[in-house]
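Colleague: how does the following fold in three dimensions:
(one chain, ligands or ions: 1)
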Amino acid sequence: MSTINSVMQETRVFPPSAETVARATISGMAAYEALCKEAEADYSGYWARLAREHVSWKKPFTQSLDESEAPFYHWFADGTLNVSYNCLDRNLENGNADKVAIIFEADDGKASKTTYRELHAMVCKFANGLKARGIGKGDRVVIYMPMSVEGVAAMQACARIGATHSVVFGGFSAKSLQERISDAGAVAVITADEQCRGGKSLGLKSVVDEALGMGGCESIHTMVVYRRTGAAIAMQEGRDIYLDELIAKQPAECEPEWVGAEHPLFLLYTSGSTGKPKGVQHSSGGYLLHAILTMKWTFDIQPQDTFWCTADIGWVTGHTYIAYGPLACGATQIVFEGVPTYPDAGRFWQTIEAHKVSVFYTAPTAIRALIKASEVDPKVAPRNYKLDSLRLLGSVGEPINPEAWMWYYEQIGGSRCPIMDTFWQTETGGHMITPLPGVTPLVPGSCTLPFPGIQAAIVDETGHDVEWGKGGFLVVKKPWPSMIRNIYGDPERFKKSYYPDDLGGRLYLAGDGAMRDAKTGNFTIMGRIDDVLNVSGHRMGTMEIESALVANPLVAEAAVVGRPDELTGEAICAFVVLKQARPSGDAAKAMTKALQDWVAKEIGPIAKPKDIRFGDNLPKTRSGKIMRRLLRALAKGEEITQDVSTLENPAILEQLRHSA
Ligand code: 6R9
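Modeller: Predicted coordinates:
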């Protein structure tokens, strides 16, 4: 709440500088308003115009928005294109062939460069290699790769042959990987022997082997292994093949598979309010359009820029702003393998200096961690680095608190670089509410105004608009080209999650609470309204973690809630009832560690509860419902001032309070 309050009281405003306005593609508030008006007057025509101007089509579309199967919307459906063609071939044709596409900054600090011509050749060989293994249009391919040129190339190669990729973050466990492979019915996995992070190497191929060994992945016939470290690994004859062998004899040309605009480019699993992660399905044409537009309008990407998005390709930010957007705009970008604190917490700043990064996009959780690190060790403070190549900053993943915003603005941006606080989601494909550099007066902690053409609004529980200054549910009133198309294999869940009947069935429900400033109309995001936590910018479902905990034979019952955390935004707090007697002292500590490790193994280290409290029971209503609001108060260490009259077992509150 303290973050929200300080945002609400924020009075500092940073208008765009004359220089930024002059260079920006969308220059001045009048230009922004003209685009919004154009979209209002002819919504479908507005997006059609942009899709014609920014995307290269093999066969032009004749219809823009098709609402006949709403809320399953189709965009540009009779047009054909290839996303990889747009990202690679287009650059060879327009003079960017020898431009550096990717500067790869390895964990150990070694940097290497790949031009568009080289990346094109690598992707074509990769694509031909996959085809030689019988993989083609419509097949699902799971990618479990470290941050690498090869990881990006794997995604592009799938796009080139019309295979739908599903990238799984390298920090997910074998079990999480197995669930995703099985849900997607994937035919192949692309992985690496190991990944390098913070000076350590961790097995990846061995995790895939473990996942496949769990069963339910019988559809997999091929595993491609990129040799990152050269570690000795087990290869299964017939199924497994090294990437270098897969591509060795393949030609460096590969005719793209021309697909319809609605062809699924990728699935990306994300957490929802129920236990099972959802396979968010994205299109080709509409998705690509928004990736390009937001690169050009939000980041104002220009030919001389060096762009760096610090996300991992396992998250949506790494899809839109590493694997697709920058390449489709012919940008030079950094792909970073390591972690922000290795060899020390100056790594980001040193990398910006070394490669003269001009546009830098990262997450508030990283900023907060680096603020703290530079207070502890002044050697890694940003003032010790030359950061004057920067001209624009971005933030994504969670609300940025005004204190972190100011530090980012002053210490990193030299009070010169505007900060784009971009609100969006896995489901939205690209930025939804964000400042534009040459347009929007910035207010620390606010993501400001909708991207031109995005009809964001705030409504009450019946779907009616609430007035500015009042909080409510964040919705989008009209479909947009890069929106989620479906939850893979579960259209009912898609409708229920995003187009609920309570709101009338035609408003996209983001799942966040928000409010608009009474004067400016600027949006402030107030956090999730469902059982989803945001820990270091990663979405975690409380139910997912609860399921993992109760899968432990020692656990009888578990409830998971979030509590505010200075560094990670939210922290995971679990209340656990064991089948055995409630432990205390050292036994409780040992049990906590054992359950944390258990969750790391079940889901991945990012899902580890920070606190675990043991009780003889959980606070429940007479009908047996766990009263989570009470647990949230306990987790925060607050006094319980709420109504507890419906509570069956009030004494349990005292016990859980003291079990911290
Ligand atoms: C891109 C991404 C989506 C959730 C979203 C919201 C939170 C993202 C934010 C933000 C406030 C921002 N979120 N950006 N909250 N300000 N600028 O992060 O996708 O992993 O799906 O998370 O993250 O709660 O609903 P995803």
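
Colleague: per-residue pLDDT, I626?
Modeller: You'll see I626 listed with a pLDDT of 85.

Colleague: next, count neighbours for it.
Modeller: Neighbour count of I626, defined by other C-beta atoms under 10 Å: 18. C-beta: built from backbone N, CA, C; applies to glycine.

Colleague: what do you get for I181?
Modeller: For I181, the count of nearby residues is 26 (other C-beta under 10 Å).

Colleague: how about it, what does it touch?
Modeller: With contacts defined as C-beta atoms under 8 Å, 6 or more residues apart in numbering, I181 is in contact with V142, V189, A211, L212, G216, C217, S219, I220.

Colleague: wait, the fifth one sits on S182?
Modeller: Yes: between G216 and S182 there is a contact at 4.0 Å, judged by C-beta atoms under 8 Å.

Colleague: between the two, who's got more neighbours?
Modeller: Using other C-beta under 10 Å, the more surrounded residue of G216 and S182 is S182, with 17 against 13.

Colleague: and the more buried one, how close does it get to K276?
Modeller: Here S182 is placed at a distance of 11 Å from K276 (C-beta to C-beta, to the nearest Å).

Colleague: and P437, by the same measure?
Modeller: According to C-beta to C-beta, P437 and K276 sit 40 Å apart.

Colleague: cool, and H282?
Modeller: For H282, the distance to K276 equals 19 Å [C-beta to C-beta].

Colleague: for my notes, confirm M295 occurs in a helix.
Modeller: Yes: judged by DSSP: H, G, I helix; E, B strand; the rest coil, M295 forms part of a helix.

Colleague: surely it touches G330?
Modeller: No: under the criterion of C-beta under 8 Å, M295 makes no contact with G330, lying 9.9 Å away.

Colleague: get me the contact residues on the stretch 301-450 of the chain for the ligand.
Modeller: Within the stretch 301-450 of the chain, the positions adjacent to the ligand are 315-317, 396-399, 421-426, 447 by C-beta under 6 Å from any ligand atom.

Colleague: among the residues you listed, name the ones in strands.
Modeller: Assignment to strands by DSSP state E places the following of those there: V396, D421, T422.

Colleague: so which of the residues you listed is the most crowded?
Modeller: With neighbours taken as other C-beta under 10 Å, the top of those is D421, carrying 28 neighbours.

Colleague: hey, what's it bridged with?
Modeller: On the basis of DSSP bridges, D421 is bridged to S395.

Colleague: and if you look at I458?
Modeller: Bridge pairing for I458 - DSSP bridges - gives L474.

Colleague: give the contact list for it.
Modeller: D465, V466, K470, G471, G472, F473, L474, V475, A514, M515, R516, F523.

Colleague: state the distance from V476 to N86.
Modeller: Distance from V476 to N86, counting by C-beta to C-beta: 25 Å.

Colleague: more neighbours, those two?
Modeller: The neighbour count for V476 versus N86, taken as other C-beta under 10 Å, is higher for N86 (26 against 20).

Colleague: before we move on, what SS does that one have?
Modeller: Criterion first, three-state DSSP; result for N86: helix.

Colleague: I'd guessed it sits against A328; true?
Modeller: Yes: N86 lies in contact with A328 (C-beta under 8 Å); the separation is 5.2 Å.

Colleague: so does the strand or helix carrying L268 get close to the ligand?
Modeller: Per DSSP states H and E, L268 falls inside strand 266-270. Yes: Strand 266-270 lies within reach of the ligand by C-beta under 6 Å from any ligand atom, at T270.

Colleague: ok, that strand: who's next to it in the sheet?
Modeller: Sheet pairing for strand 266-270, assigned by DSSP bridges, gives strand 164-167 (parallel), strand 278-282 (antiparallel).
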